[in-house]
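> only the shape, not the letters, is given here:
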C-alpha cells in the first residue's frame, strides 16, 4: 500500500513539474531607448509607449509570450543583447552590415532616411553648407554610420557632437549650441510636428535605410516565431492599423 501511495505521489509530482514547465507564456525582454519617440518613449504617465512598443506587444501575444520593456544604453545595445540581459532589440533599429556581424535581424518592416534638421531661421540649405559647422547626432545610432560613409562631408564639419539621445541634440540645436542634427526621418518628423515653426529639414539627406528587430544569432527558434508573427500582422492588416495610429498612414514595409 505504501509503495502504491509513493508511486502515485511520484507520478503526481512529476505531472505537476511537467505542467509547470509548460504552464503560462514565457517572457521576452525587449531592449529599447525609452527616449526615442514615436518608436519607444515615456508618456506623461511615465508609461513606455510607441509604435515599436505596440508592434512588440502584438507579436508577443501571437507567440504566446509575455513581454517586458527594458530601457538600455543604446550605445551598448549589442552587449546588452549578447550578454542575455535582453532578448531582442526593437526600437527603430537600422539593419547594417556592421551590425549583422554581431546580431541577427528579422526582415525589414519599415524604411527610413537620415535627414538633416536645422533651426527654422537657419541659412543652411544643403550638406555642403555644413562645412565648418557643429553637427549633433545620437551616440551609437545609425546616423553616426550614415555620416561616416560620407568621409569628405564628415571631415568638413567643425565638430560631430554625440549625444545620449536625440532630445538632447535637438535641445542644443534650438539654443544654438550646434548648427544641425542628423536623425532618423521618422523620429525627426515626429519632433518637428510637436514644435511647429522651430525646425526645418534640408533637401539633402545621408541616405535611406531599413528597420528590423535584432536578436542573438543563435536564437533561431525565437527568430522563426517572431518572423511568423510579423508576417501575419502585415498580412491581416494589424501592422497597418498600428502605423495609422502613430503616423497617420501605413508606412510599414
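Great, that's in hand. Since the structure is predicted, the reported quantities are computational estimates derived from the model, not experimental observations. Numbers count the residues shown, from 1 in each chain.
> so who does residue 123 touch?
residue 129 (Cβ atoms under 8 Å, 6 or more residues apart in numbering). Glycine gets a C-beta too; all of them are placed from N, C-alpha and C.
> quick one: it from residue 206, how far?
Distance of residue 123 to residue 206, computed by Cβ to Cβ, to the nearest Å: 20 Å.
> tell me where the chain has strands.
Along the chain, the segments classed as strands by DSSP state E run 27-32, 35-36, 40-42, 48-49, 66-71, 88-89, 104-105, 110-119, 134-138, 159-163, 180-184, 199-211, 214-215.
> what's across from the residue nearest to residue 234 when sequence neighbours are not counted in the sheet?
Excluding its sequence neighbours, the residue lying closest to residue 234 (Cβ to Cβ, 6 or more residues apart in numbering) is residue 252, at 6.4 Å. For residue 252, the residues forming beta bridges with it (DSSP bridges) are residue 110.
> what's the pLDDT at residue 252?
pLDDT for residue 252: 89.
> give me the distance between residue 97 and residue 105.
11 Å.
> residue 128 too?
Counting by Cβ to Cβ, the gap from residue 128 to residue 105 is 33 Å.
> cool, residue 220 as well?
13 Å.
> those two: which is more packed in?
residue 105 (21 against 11; other Cβ atoms under 10 Å).
> now residue 49: closest residue in space, sequence neighbours ignored.
Spatial nearest neighbour of residue 49, chain neighbours left out: residue 43 (5.0 Å); criterion: Cβ to Cβ, 6+ apart.
> and the one you found, backbone torsions?
phi -80, psi -170 (degrees, to the nearest 10).
> what's the local residue count around it?
For residue 43, the tally of surrounding residues (other Cβ under 10 Å) stands at 10.
> swap in residue 52?
Residue 52: 27 surrounding residues under other Cβ under 10 Å.
> so how far is residue 41 from it?
With Cβ to Cβ as the criterion, residue 52 and residue 41 are 10 Å apart.
> same thing with residue 179?
Distance of residue 179 to residue 41, given as Cβ to Cβ: 26 Å.
> repeat that for residue 187.
10 Å.
> residue 244 touches residue 250, doesn't it?
Yes. When contacts are counted by Cβ atoms under 8 Å, residue 244 is listed as touching residue 250 (6.2 Å).
> could you list the low-pLDDT ranges of the chain?
Within the chain, the segments meeting pLDDT under 70 span 1-25.
> care to break it down by domain?
For the chain, whose domains are defined here by automatic domain parsing, the residue ranges read 25-109+212-247, 112-209.
> the residue nearest the centre of the chain: what's its closest spatial neighbour, skipping adjacent residues?
Closest to where the C-alpha atoms of the chain average out (Cα atoms, centre = their mean) is residue 91, at 1.3 Å. Closest residue to residue 91 apart from its sequence neighbours, by Cβ to Cβ, 6+ apart: residue 32 at 3.7 Å.
> and the helices in the stretch 151-253 of the chain?
151-156, 166-175, 185-194, 220-235, 238-247 (DSSP state H, counting those that start in this stretch).
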